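In: Predicted model follows, preceded by the sequence.
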Amino acid sequence: MYLVKMWIIGLGLAMALPAAAQKAPAANPVPAGDGSFLLTIFLKHDQSKPLGKINEQLKEQGFFKAFPPAGVQVVSWYVMMGIGQVVTLRVPTEKLREVNRIVEDTAWGGYRTEFYPTYDYKAIAEQSHAQAGN
């Protein structure tokens, strides 16, 4: 329930604050100008197959060996029950095509995929919450 409330607060803040107020604080954990970005990938389970079949297919296709590629950092990797897995990567810009190709070549069939460029909003939401006096 706490996460739902924080998500709603974050969404409300993102929609209510002017763009200038959404600048990252100085303590932002994502270095600016390092040539990388965050990429969140939804790996949605093919629900027509049981988990064992999905894992077998992923193994046969080389997913577990290939993903993530060298030089790409896993920031978080969660199971979202009823959906599949949600992976956030720190990707050097020159590795984007490689990440995409690995997913296409090794994950499709076991997963349906969605890709989202992402940024870390947690520190901004916490700062806004603190400034609001809550």
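Out: Looks like it arrived, so ask away.
In: only C-alpha atoms for contact and neighbour calcs from this point on.
Out: OK.
In: which one is Ile83 nearest to, not counting chain neighbours?
Out: Lys44 (5.3 Å; C-alpha to C-alpha, 6 or more residues apart in numbering).
In: what's that neighbour in contact with, if anything?
Out: Contact analysis of Lys44 by C-alpha atoms under 8 Å, 6 or more residues apart in numbering lists Ile83, Gly84, Gln85, Tyr111, Arg112, Thr113.
In: which one of those residues is nearest Ile54?
Out: Nearest to Ile54, judged by C-alpha to C-alpha, of the contacts of Lys44 is Tyr111 at 7.9 Å.
In: what's the neighbour count on the closest one?
Out: Here the number of neighbours of Tyr111 (other C-alpha atoms under 10 Å) works out to 22.
In: buried set for stretch 53-62?
Out: Ile54, Asn55, Gln57, Leu58, Gln61 (16 or more other C-alpha atoms under 10 Å).
In: same check, this time on stretch 103-112
Out: Applying a neighbour-count criterion of 16+ other C-alpha under 10 Å, the buried positions in stretch 103-112 are Val103, Thr106, Ala107, Trp108, Gly109, Gly110, Tyr111.
In: In strands only, show me the residues you listed.
Out: Of these, the ones assigned to strands by DSSP state E are Tyr111.
In: In JSON lines: the buried residues of stretch 103-112, plus pLDDT and distance to Ser48.
Out: Formatted as JSON lines, the buried residues of stretch 103-112 follow (pLDDT from 0 to 100; distance: C-alpha to C-alpha, whole Å):
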{"residue": "Val103", "pLDDT": "97", "distance to Ser48": "20"}
{"residue": "Thr106", "pLDDT": "97", "distance to Ser48": "18"}
{"residue": "Ala107", "pLDDT": "96", "distance to Ser48": "15"}
{"residue": "Trp108", "pLDDT": "95", "distance to Ser48": "14"}
{"residue": "Gly109", "pLDDT": "93", "distance to Ser48": "11"}
{"residue": "Gly110", "pLDDT": "93", "distance to Ser48": "10"}
{"residue": "Tyr111", "pLDDT": "95", "distance to Ser48": "11"}
